[in-house]
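Asks: Sequence plus predicted model, see below.
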Amino acid sequence: MKIERVELYNIKMPLVEPFHPSHGKMEDRDFIIVKMMGEGVVGWGETASQSTPYYVYETTKTCWHIQCDFLIPLLLEKDISDPKELVSWFAPVRGHNMAKTGLEQAVWDLWAKSKGQSMAEMLGGTRDRVDSGVSIGILDDLEHLLKRMTGYLKEGYRRVKIKIKPGYDVEVVKEIRRFFPKVPLMVDANSSYTLNEVDRLRLLDDFNLIMIEQPLGYDDIWEHAKLQKQIKTAICLDESITTPEHARWALEWESCRIINVKAARVGGLTQAVRIHDLCQERRIPVWCGGLLESGIGRAHNVALASLPNFSLPGDISASNRYFQRDIVIQPFELNADGTISVPRGIGIGVDVDEPFLNSLVIRHETFH
Ligand code: MG
């Protein structure tokens, strides 16, 4: 298959409320949608970048640069016989996984549509619904946090994750457990601790948490292995796992007992499936993280999360958790049983609301 045309849309979408992980507050989403055309079919992908380099080093501007100047020229000169080939085509560009992912997803969608299959079928998905969890950012007012949790649990979410940082951790979890002793609960530190704080992290062992996500350095695997030996709670790695090789090292060193798989962080769906398969072989559960994606990225995430070893609820919430209006005509909704249905239509299985997408554009570029 020849790619005939690629369009990039840098868009800005307002969030229903600011989202606050330990590395800074996000007021809106500034990211890139990819539209790709080949042999009369249209494919869509999402580069779930942020305007700041605080989660990964990439920003929406670096993604735009890498896509326009390096990745798209590579795509336009090739004949695709399998979307998995993109991993090696893009390999000369070191890192820049988010930039790669938006384009790779669009190729997968295009490919699935040309074969008349859904994305879930293409990737090897086995479920028609995926368990949905919700992530709550840092909220200074504890009463507000408990109220938000009550609301999400009433909506049906199957597990709650809260963001923590030093000074906003043990007491907050203790208070949550006082009100919700049995709710499936986990915490995400986004690399805000060091090994010197092991005593503080060990206190979290008392609260029956499913896992603690990425407590130490964003690029660390070694010290997490040291920490895992000193705490009972399972460590889950997120930021540190950017390739299947990193996942293998983490498993060999026993740096974690769970991995959060985000296609955007690992350079695309092919690499995400490889990490899933590696973990499955070694009986390590994975779950699908989120980066506040629009309905396009969300559709790719839901398809990925339908694979069998995604055995823990993911951060795949309904569209209305983050956006008043989504850019797809069929926004993702939470079923009464706390699941999200995997789209059955061909490709990503949702239609893009192009007039609305166009109304959000801050920069647009077309390549032939
Ligand atoms: Mg995380």
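Replies: Noted; the coordinates are in hand.

Asks: So in the chain, where's the weakest helix or strand by average pLDDT?
Replies: When the helices and strands of the chain are scored by mean pLDDT, DSSP states H and E, strand 133-136 comes last with a mean of 92.

Asks: Can you list the helices and strands that the next helix or strand after it packs against?
Replies: Using DSSP states H and E, the helix or strand that follows strand 133-136 towards the C-terminus is helix 142-155. Contact here means 3 or more Cβ pairs under 8 Å, 6 or more residues apart in numbering; DSSP states H and E; on that basis helix 142-155 packs against strand 133-136, strand 159-163, helix 170-179. C-betas here are computed from N, CA, C, even on glycine.

Asks: Distance to residue 31 and mean neighbour count added to the ones you listed, as JSON lines?
Replies: Shown next, in JSON lines, are the helices and strands packed on helix 142-155 (distance: least, Cβ to Cβ, whole Å; neighbours: other Cβ atoms under 10 Å):
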{"stretch": "strand 133-136", "distance to residue 31": "17", "mean neighbour count": "24"}
{"stretch": "strand 159-163", "distance to residue 31": "20", "mean neighbour count": "23"}
{"stretch": "helix 170-179", "distance to residue 31": "29", "mean neighbour count": "15"}
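
Asks: worst average pLDDT in the ones you listed?
Replies: Least confidently modelled of the helices and strands packed on helix 142-155 is strand 133-136, at a mean of 92 by mean pLDDT.

Asks: returning to what we had before: which among the helices and strands packed on helix 142-155 is found nearest to residue 274?
Replies: strand 133-136 (23.6 Å; Cβ to Cβ).

Asks: Okay, now the sheet partners of that closest one, with direction.
Replies: When pairing is defined by DSSP bridges, strand 133-136 lines up against strand 159-163 (parallel).

Asks: The strand it pairs with and the ion, are they touching?
Replies: No - figure legend: strand 159-163 not in contact with the ion (Cβ under 5 Å from the ion); closest approach 8.2 Å.

Asks: Give me the residues contacting that strand.
Replies: With Cβ atoms under 8 Å, 6 or more residues apart in numbering as the contact definition, strand 159-163 has outside contacts at 20-22, 131, 133-138, 145, 149, 152-153, 172-173, 176, 180, 183-190, 210, 213, 312-313, 315.

Asks: wait, isn't residue 314 in contact with residue 306?
Replies: No - Residue 314 lies out of contact with residue 306 (Cβ atoms under 8 Å); the separation is 10.4 Å.

Asks: what is in contact with the two at once?
Replies: residue 130.

Asks: Count the residues that sit near residue 87.
Replies: Using other Cβ atoms under 10 Å, residue 87 has 17 neighbouring residues.

Asks: residues in contact with it?
Replies: Counting by Cβ under 8 Å, 6+ apart, residue 87 makes contact with 267, 268, 270, 271.

Asks: Please name the residues that touch whichever residue of the stretch 1-150 of the chain sits closest to the ion.
Replies: The ion sits closest to residue 21 of the stretch 1-150 of the chain, with a gap of 7.6 Å, by Cβ to the ion. Contact partners of residue 21, counting by Cβ under 8 Å, 6+ apart, are 55, 137, 138, 163, 188, 190.

Asks: if we go to 7 Å?
Replies: 137, 163, 190 (Cβ atoms under 7 Å, 6 or more residues apart in numbering).

Asks: count of neighbours near the residue in the chain that the ion sits nearest to?
Replies: The chain approaches the ion most closely through residue 238 (3.7 Å), counting by Cβ to the ion. Counted by other Cβ under 10 Å, the residues lying close to residue 238 total 22.
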